[in-house]
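1. Curious how this folds, go ahead:
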Amino acid sequence: MNRALWAGAAAIIAVATGAFVASIGLRPDATPPLVSAARAADGSATVYYQDPDGKPRYSLTPRKAPDGRDWRAVPASADISFDAPGQPPVETKAADAKGERGIKYYRNPMGLPDTSPVPKKDSMGMDYIPVYEGEDSDDGSVKLSPGRIQRSGAKSEVVVRRPIRSLIPAPGTVQEDERRVSVVALRFEGFVESVANVTTGDHVHKGQVLMNVYSSALSSAAAEYLSAFNAGATGKELKGARRRLENLATPEPAIKELERTREISLSIPWLAPQDGEILERNAVNGMRAGPGDVLFRIADHSLVWVLLDIAERDLAQVALGTKVTIRPRALGGQTFIGAVALIYPHLMAQTRTARLRIEVENPDDALRPEMYVDAEIETGTPAPVLAVPESTVLDSGTRQAVLVDKGEGRFEPREVKLGRRGGGYVEITQGLSEGEAVVTSANFLIDAESNLKAALKGFADARSPQAAEPASGAEAHP
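-> Presented below is the predicted three-dimensional model:
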């Protein structure tokens, strides 16, 4: 090829390089890292001229800038690597190195799945690109020049073991512990003679008097027991009379008082069954109460539940006993620590969330039912695991892969299996070994190159050069 053709090819490649630089995010007016102004004055033959400010503008003839400065001359000996289709003459060292290897076939310069065993041109007159032995390995890896790696910003990181910790944020509400709620009701027909000085919201203690109750059924049972007791009855007879009082839920102190005084009181003090706050008071002085009527409802808030809703995708990361930090919105930064006590078996159909129950100690009654809280569920692996940055993984939805840096500019796509995520890292359960290097940035560019070369290689294997070789002196056509 004569000097003019070389110059034309170099200019075309230079323009293509400028487009590639723009495509990977560099400023169009940035000085390309491919051309050095110092090399332009080494006395070598000039192949083209470049804008003196380093802008991606080129000319085959000398030119001047608007301010009178000469465009920079780019010699054939300049150390330039465009990584563009074709072999520019300025890549003398690379060309010599490739000349020592055999050419396997030629591929379409536009990346189409079309190859030829002999040199040819496409419909636009562009030369097909030679593929040398060793450039397309059988392991599906791709080899890039240092220039392309530098321009694309590709970076690698060694795979190491590290603990993965993540926090799952979740909203929730405080609820009563269902096991710590009780009601005060009668098992017989009776009357509330008087109610103690307690109201809704008051805190009561177990055994505290709530009201005085009269009932003919209760008086009859008390008379029967007292008769047997006074007669010195023993065994089943006395036990049966006492059991009748117990079946009517007569407070134990009232039975003890009956045994001590041997007198039947007109009314019996009715006591609180547990410590807690009175949530409901329906008892009124002189009212008639039937069996089962709820006269008081009492709840113990020393331990409460916090119900959290988490996304369905996070459910696999949560287990019983997982630590949870709870911050009530109404308590100004005060925090409580609890643990997951129950994962409800059904999802919430309307929100597609899973519900968790957290048991939290509440000795000061600071947590009140129906309070809104913000919680953080601490998940992760207790021991270090093999992990890579999340940016390393190429996820197509059905396939997850990483690019393994094999050194010397060669990268191998490898399918992996993922585990937990957290802190910007993802666990690798299968596909990588500790100490291997993986690409953490610009991996999508290398992956695209790998996919292209894999497709071209498959096409080349389907059309072997021997089978597709035309007769001597004839030009090959697709």
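2. Centre of the chain to the one helix or strand residue 226 maps to, how far?
-> Assessed by DSSP states H and E, residue 226 sits inside helix 216-230. Offset of helix 216-230 from its chain centre (Cα atoms, centre = their mean, to the nearest Å): 69 Å.
3. Run through the neighbouring helices and strands of that helix.
-> Packing partners of helix 216-230 (3 or more Cβ pairs under 8 Å, 6 or more residues apart in numbering; DSSP states H and E): helix 236-247, helix 252-261. C-beta here means a position set from N, CA and C on the backbone, and glycine is covered the same way.
4. For that helix, list every residue counted as buried.
-> The neighbour-count check on helix 216-230 (16 or more other Cβ atoms under 10 Å) flags 218-219, 221-222, 225-226, 228 as buried.
5. and of those, the nearest to residue 343?
-> Checking the buried residues of helix 216-230 against residue 343 by Cβ to Cβ gives residue 218 as the nearest, at 46.3 Å.
6. so how far is residue 388 from the closest one?
-> 75 Å (Cβ to Cβ, to the nearest Å).
7. Same check on residue 356?
-> Distance, residue 356 to residue 388, using Cβ to Cβ: 30 Å.
8. quick one: buried residues of stretch 160-172?
-> For stretch 160-172, by 16+ other Cβ under 10 Å, it's 164, 166, 168, 170, 172.
9. Contacts only, for residue 211.
-> Contact analysis of residue 211 by Cβ atoms under 8 Å, 6 or more residues apart in numbering lists 192-196, 269-270, 283, 295.
10. can you put these in a markdown table and add neighbour count and distance to residue 412?
-> Formatted as a markdown table, the contacts of residue 211 follow (neighbours: other Cβ atoms under 10 Å; distance: Cβ to Cβ, whole Å):
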| residue | neighbour count | distance to residue 412 |
| --- | --- | --- |
| 192 | 23 | 84 |
| 193 | 17 | 89 |
| 194 | 15 | 88 |
| 195 | 20 | 82 |
| 196 | 17 | 81 |
| 269 | 19 | 84 |
| 270 | 25 | 81 |
| 283 | 21 | 80 |
| 295 | 21 | 77 |
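11. Show me those residues that map onto strands.
-> Among the contacts of residue 211, the members found in strands (DSSP state E) are 192-195, 269-270, 295.
12. C-alpha coordinates for the strand or helix carrying residue 279, CSV please?
-> Using DSSP H and E, residue 279 sits in strand 276-281. Taking Å, rounded to 0.1, in the frame of the first residue of the first chain, the C-alpha atoms of strand 276-281 are listed here in CSV:
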residue,chain,number,x,y,z
GLY,A,276,-51.2,-4.2,83.8
GLU,A,277,-53.1,-1.2,82.5
ILE,A,278,-56.9,-1.2,82.4
LEU,A,279,-57.8,-1.0,78.8
GLU,A,280,-61.6,-1.3,79.3
ARG,A,281,-63.9,-0.7,82.3
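13. looking only at pLDDT, what's the mean for stretch 50-63?
-> In this model, stretch 50-63 has a mean pLDDT of 80.
14. the helices in the stretch 301-450 of the chain, which residues?
-> Listed in chain order, the helices found in the stretch 301-450 of the chain under DSSP state H, counting those that start in this stretch are 443-462.
15. where are the low-confidence patches of it?
-> Applying pLDDT under 70 to the stretch 301-450 of the chain flags residues 442-450.
16. what about 50?
-> Judged against pLDDT under 50, the stretch 301-450 of the chain has no low-scoring part.
17. related to what we said a few turns ago, which one of the buried residues of stretch 160-172 is nearest to residue 253?
-> residue 172 (41.3 Å).
18. Can you give me the distance of the closest one to residue 328?
-> In terms of Cβ to Cβ, residue 172 sits 10 Å off from residue 328.
19. what about the closest residue to residue 266 other than its chain neighbours, distance to residue 252?
-> Excluding the flanking residues, the one nearest residue 266 by Cβ to Cβ, 6 or more residues apart in numbering is residue 214, at 6.1 Å. Distance from residue 214 to residue 252, counting by Cβ to Cβ: 19 Å.
20. What ranges does the stretch 101-250 of the chain have for its strands?
-> 103-107, 115-116, 129-132, 142-143, 155-158, 160-162, 165-175, 181-185, 190-195, 203-204, 209-214 (DSSP state E, counting those that start in this stretch).
21. Which one of those strands lies nearest to residue 306?
-> Taking Cβ to Cβ, strand 165-175 is the member of the strands of the stretch 101-250 of the chain nearest to residue 306, at 5.2 Å.
22. Which residue lies nearest the spatial centre of the protein?
-> Nearest residue to the geometric centre of the chain (Cα atoms, centre = their mean): residue 421, 5.2 Å.
23. That residue bridge partners, please.
-> Beta-bridge pairing for residue 421 (DSSP bridges): residue 426.
24. ditto for residue 305
-> Bridge pairing for residue 305 - DSSP bridges - gives residue 175, residue 359.
25. circling back: and the residue nearest to the centre of the chain, what does it touch?
-> With Cβ under 8 Å, 6+ apart, residue 421 has these contacts: 164, 166, 390, 427.
26. Within its local environment, how many residues does the nearest residue to the last one once chain neighbours are set aside see?
-> With Cβ to Cβ, 6+ apart as the criterion, residue 427 has its nearest non-adjacent residue at 3.2 Å, and that residue is residue 419. Number of residues near residue 419 (other Cβ atoms under 10 Å) recorded here: 15.
27. Not counting stretch 224-243 itself, show me its contacts.
-> 221, 244-245, 255, 258-259, 262, 264.
28. Mark which of the residues you listed are buried, thanks.
-> Neighbour-count burial (16+ other Cβ under 10 Å) is assigned, among the contacts of stretch 224-243, to 221, 244-245, 255, 258.
29. and the two most separated of those residues?
-> 244 and 258 (12.6 Å).
30. picking that back up, what sits in contact with each of residue 172 and residue 328?
-> 372-373.
31. what's near enough to touch residue 158?
-> Contacts of residue 158 (Cβ under 8 Å, 6+ apart): 435-437.
32. repeat that for 6 Å
-> Residue 158 makes contact with residue 437, according to Cβ atoms under 6 Å, 6 or more residues apart in numbering.
33. One more: residue 353?
-> residue 309.
34. I'd like to know the beta-bridge partner residues of it.
-> With DSSP bridges as the criterion, residue 353 is bridged to residue 311, residue 348.
35. for the stretch 351-478 of the chain, what spans make up the strands?
-> 353-361, 372-380, 385-389, 394-395, 400-407, 410-415, 417-422, 425-430, 437-441.
36. Among the ones you listed, single out whichever gets nearest to residue 319.
-> Short answer: strand 372-380, nearest of these by Cβ to Cβ, at 8.5 Å.
37. buried sites along that closest one?
-> Going by neighbour count (16+ other Cβ under 10 Å), the buried part of strand 372-380 is 373, 375-377, 379-380.
38. Kindly report the same for stretch 354-362.
-> 354-360, 362.
39. Take it, keep the C-alpha atoms, and write them as CSV.
-> C-alpha atoms of stretch 354-362 as CSV (Å, rounded to 0.1, in the frame of the first residue of the first chain):
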residue,chain,number,x,y,z
ALA,A,354,-44.0,-10.7,54.8
ARG,A,355,-44.8,-9.9,58.4
LEU,A,356,-42.4,-10.4,61.3
ARG,A,357,-43.0,-10.3,65.0
ILE,A,358,-40.4,-8.8,67.2
GLU,A,359,-40.5,-9.2,71.0
VAL,A,360,-39.2,-6.1,72.8
GLU,A,361,-38.8,-5.5,76.6
ASN,A,362,-40.7,-2.4,77.7
